[in-house]
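# heads up, no residue letters with this:
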Ligand SMILES: O=C(O)[C@@H](O)[C@H](O)[C@H](O)CO
Ligand SMILES: [Mg+2]
């Protein structure tokens, strides 16, 4: 079998899909995207794919090493996201060719399903508390919320009180054992991160995410000295080489590589194995589309230390939304009591609705991260 051709599709709300075709009629799908830079990643996909046309799609490790090593420059969000989507599509092809779900080709399953969390938003404590309770009633056992817009180096204790009030509202509406994760989103500078972490500690969080920016990961030790709360980070780290120092530091409890940003199925399985050696858990990051989610679930099936899966389906997970619209078999994501079952179909287990993808690609998208500014006019962390 040979890789014959490929197409990329920029589709709403902010995604990029890739289809790779072989000379034997089997094709596979990937989702190579970094939010806000879809067109840049698309260009990288085209450059990388030009070196794969004509090669054997089953030699995924070889394709990965070629994309990673032969280019001299390596790593970072753009290249690793491009590699990620190509890698997913090659695994999808291989699974379909062998008529097996990808996890069967990766050593087989250690679990049948994985716990998921939903995201909740809202400015007022009462709204956030009610939104979390709706998720709980819909079957979720855990949610994640953003802490705040930004906390600058020195900032107001009023903002700290506001975050605490929202977390308290969820704790009160959903009870003592409901999972609450708080995403600091790298928006909280170190001096205030210490204060916020301490203020949230009494609420028994499931985890605190990106308490500092990944560029400042050495400061995680300052946080772990202060609080017992599990620390999660990794959505902006892109390879084993990015994760190795973090794991060696001992200052992380849950890593969150993204299957569409960090080199795909092949690389994320390896990152997860490294973490297992440090007794560190994995919660794959995935605020993305159906191909990314399907890829995560295949790897979750094989990773012993995977503890929970992010996914962008919320309270309406059993109704129509962007993620489900793009596939012909939305029932493949089967939710039950806060868990989603591992899909069992060949490859990624999803049937992409190609007609709709083509239709939506005519519309495309121009999604950009919003730009925020502080009172004094300076740019805010997003
Ligand atoms: O943990 C999350 O899902 C967020 O941090 C998103 O990745 C971020 O807003 C970029 O889309
Ligand atoms: Mg995050």
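Cool, got the structure. These figures come from a predicted structure and were not determined experimentally. Ligands and ions are numbered 1, 2, ... in the order given.
# For this structure, which residue gets nearest to ligand 1?
For the chain, the residue closest to ligand 1 is residue 287, as judged by Cβ to the nearest ligand atom, at 3.8 Å. For glycine as for every other residue, the C-beta is placed from the backbone atoms N, C-alpha and C.
# which phi and psi does that residue have?
Its backbone dihedrals place residue 287 at phi -90, psi 30, with angles given as degrees, to the nearest 10.
# for the residue lying closest to it once chain neighbours are set aside, helix, strand, or coil?
Excluding its sequence neighbours, the residue lying closest to residue 287 (Cβ to Cβ, 6 or more residues apart in numbering) is residue 312, at 5.1 Å. Recorded secondary structure, residue 312: coil (DSSP: H, G, I helix; E, B strand; the rest coil).
# pLDDT weak spots in the chain?
Under the criterion pLDDT under 70, the flagged ranges of the chain are 315-320.
# in it, which spans are strands?
For the chain, the strands defined by DSSP state E cover 3-11, 15-22, 27-30, 113-120, 142-146, 179-183, 207-209, 231-233, 254-255, 281-282, 309-310, 335-336, 339-341.
# Save the ones you listed as JSON lines, and put in mean neighbour count and distance to residue 370 too.
Shown next, in JSON lines, are these (neighbours: other Cβ atoms under 10 Å; distance: least, Cβ to Cβ, whole Å):
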{"stretch": "strand 3-11", "mean neighbour count": "19", "distance to residue 370": "19"}
{"stretch": "strand 15-22", "mean neighbour count": "24", "distance to residue 370": "18"}
{"stretch": "strand 27-30", "mean neighbour count": "27", "distance to residue 370": "27"}
{"stretch": "strand 113-120", "mean neighbour count": "22", "distance to residue 370": "17"}
{"stretch": "strand 142-146", "mean neighbour count": "21", "distance to residue 370": "13"}
{"stretch": "strand 179-183", "mean neighbour count": "22", "distance to residue 370": "16"}
{"stretch": "strand 207-209", "mean neighbour count": "25", "distance to residue 370": "20"}
{"stretch": "strand 231-233", "mean neighbour count": "26", "distance to residue 370": "22"}
{"stretch": "strand 254-255", "mean neighbour count": "26", "distance to residue 370": "27"}
{"stretch": "strand 281-282", "mean neighbour count": "25", "distance to residue 370": "30"}
{"stretch": "strand 309-310", "mean neighbour count": "22", "distance to residue 370": "21"}
{"stretch": "strand 335-336", "mean neighbour count": "13", "distance to residue 370": "30"}
{"stretch": "strand 339-341", "mean neighbour count": "19", "distance to residue 370": "30"}
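# Residue 303: which of those strands is closest?
With Cβ to Cβ, the closest approach to residue 303 among the strands of the chain belongs to strand 281-282: 5.8 Å.
# From the contact counts, what lies against the closest one?
strand 254-255, helix 264-276 (3 or more Cβ pairs under 8 Å, 6 or more residues apart in numbering; DSSP states H and E).
# picking up where we left off before, export the strands of the chain to a markdown table and tack on distance to ligand 1?
Below are those laid out as a markdown table (distance: least, Cβ to the nearest ligand atom, whole Å):
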| stretch | distance to ligand 1 |
| --- | --- |
| strand 3-11 | 16 |
| strand 15-22 | 11 |
| strand 27-30 | 18 |
| strand 113-120 | 7 |
| strand 142-146 | 7 |
| strand 179-183 | 5 |
| strand 207-209 | 6 |
| strand 231-233 | 9 |
| strand 254-255 | 12 |
| strand 281-282 | 14 |
| strand 309-310 | 6 |
| strand 335-336 | 18 |
| strand 339-341 | 16 |
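# Would you format those as TSV with distance to residue 263 included?
Supplementary listing: the strands of the chain in TSV, determined by distance: least, Cβ to Cβ, whole Å:
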stretch	distance to residue 263
strand 3-11	18
strand 15-22	15
strand 27-30	12
strand 113-120	21
strand 142-146	24
strand 179-183	23
strand 207-209	21
strand 231-233	17
strand 254-255	14
strand 281-282	14
strand 309-310	18
strand 335-336	28
strand 339-341	23
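# Quick one: closest of those strands to residue 72.
Closest among the strands of the chain, using Cβ to Cβ: strand 3-11, at 22.5 Å.
# which neighbours does that closest one have in its sheet, and in what orientation?
strand 15-22 (antiparallel) (DSSP bridges).
# Need the contact partners of the strand it pairs with.
Residues outside strand 15-22 that contact it (Cβ atoms under 8 Å, 6 or more residues apart in numbering) are 1-11, 27-33, 38, 41-42, 45, 49, 57, 85-86, 89-90, 93, 288-289, 291, 326, 352, 354, 357, 365.
# can you check stretch 1-8 too?
With Cβ under 8 Å, 6+ apart as the test, stretch 1-8 has contacts from 16-24, 26, 42, 45-46, 49, 52-58, 89, 93, 97.
# you'd agree residue 263 is up against residue 82?
No: Residue 263 is beyond contact range of residue 82, at 9.7 Å (criterion: Cβ atoms under 8 Å).
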